[in-house]
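# Give me a 3D structure for the following:
(chains A and B)
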Amino acid sequence: DTAVSQTPKYLVTQMGNDKSIKCEQNLGHDTMYWYKQDSKKFLKIMFSYNNKELIINETVPNRFSPKSPDKAHLNLHINSLELGDSAVYFCASSQGSGSGEYGYTFGSGTRLTVV
Amino acid sequence: GNSVTQMEGPVTLSEEAFLTINCTYTATGYPSLFWYVQYPGEGLQLLLKATKADDKGSNKGFEATYRKETTSFHLEKGSVQVSDSAVYFCALSDRDGANNLFFGTGTRLTVIP
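Sure, this is the predicted structure:
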């Protein structure tokens, strides 16, 4: 019973393509997130989303867009992929409107390689 | 603003050595503090947490104490094992703001037999 699951685990694609990464959580959490981890392991939040509010990190290019069909899913769409988008992308979820006392539960990551 | 500063790695220790990974933070308000661990090829897992000053979080032999006076949350383990080799992230939760989780840059630990 995976709590936060992401697909695919690996994604290799050419520059200029459009791709999506899916994320699902079965924890009943209210808020979901996308993080980008670069080659130096630095983690940067991209989006946080609950059924009331989408918060976007202003440094994220508008080629990236989250889509949430329901509370348990937050997919990441990326248009016109660039070489610099190569990274590991992590989905996460938390109770309530934020991490509060509980922290986040993370998925196992999607390694995106743009060639 | 909110930020977390971790000691730079990588850290290499022999099995059964004592581990300390330093973490200091800057925050508005009263954050919760966390340590996450990332094993090779996996996602981040919550290792331990502390929600208020002087709380001690502990798990799997690891400990960290929330020190408000020094704004620190150093991770310690008395005797590391090869299986502890991973990247460790210190993080804070801005409970008074947007409740996002802010991570440090991570410290890679390698334990050799």
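
# For the most centrally placed residue in chain A, which residues are in contact?
Of all residues in chain A, the one closest to the mean position by CA atoms, centre = their mean is residue A:34, 2.8 Å from it. Residue A:34 is in contact with A:23, A:45, A:46, A:47, A:66, A:74, A:76, A:89, A:90, A:91, A:92, counting by CB atoms under 8 Å, 6 or more residues apart in numbering or on different chains. (Each C-beta comes from the backbone N, C-alpha and C, glycine too.)

# just the buried members of those?
A:23, A:45, A:46, A:47, A:66, A:74, A:76, A:89, A:90, A:91, A:92 (16 or more other CB atoms under 10 Å in any protein chain shown).

# rewinding a little: a markdown table please, covering the contacts of residue A:34 and showing distance to chain B, secondary structure and pLDDT.
A markdown table is the format used below for the contacts of residue A:34 (distance: CB to the nearest CB, whole Å; DSSP: H, G, I helix; E, B strand; the rest coil; pLDDT from 0 to 100):
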| residue | distance to chain B | secondary structure | pLDDT |
| --- | --- | --- | --- |
| A:23 | 11 | strand | 97 |
| A:45 | 6 | strand | 87 |
| A:46 | 11 | strand | 91 |
| A:47 | 10 | strand | 88 |
| A:66 | 15 | strand | 91 |
| A:74 | 15 | coil | 93 |
| A:76 | 15 | strand | 96 |
| A:89 | 11 | strand | 96 |
| A:90 | 6 | strand | 95 |
| A:91 | 9 | strand | 95 |
| A:92 | 8 | strand | 92 |
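
# And these, which two are furthest apart?
Greatest spacing in the contacts of residue A:34, by CB to CB: A:23 and A:45 (14.3 Å).

# List the buried residues of stretch B:25-45.
B:25, B:27, B:31-38, B:43-45.

# What strand or helix carries residue B:58?
Using DSSP states H and E, residue B:58 sits in strand B:56-59.

# ok, back up a step: so which of the buried residues of stretch B:25-45 are in strands?
B:25, B:32, B:33, B:34, B:35, B:36, B:37, B:38, B:44, B:45 (DSSP state E).

# by contact count, what packs against the helix or strand of chain A with the lowest mean pLDDT?
When the helices and strands of chain A are compared on mean pLDDT, DSSP states H and E, strand A:54-56 comes out lowest with a mean of 77. With contacts defined as 3 or more CB pairs under 8 Å, 6 or more residues apart in numbering or on different chains; DSSP states H and E, strand A:54-56 has these neighbours: strand A:43-49.
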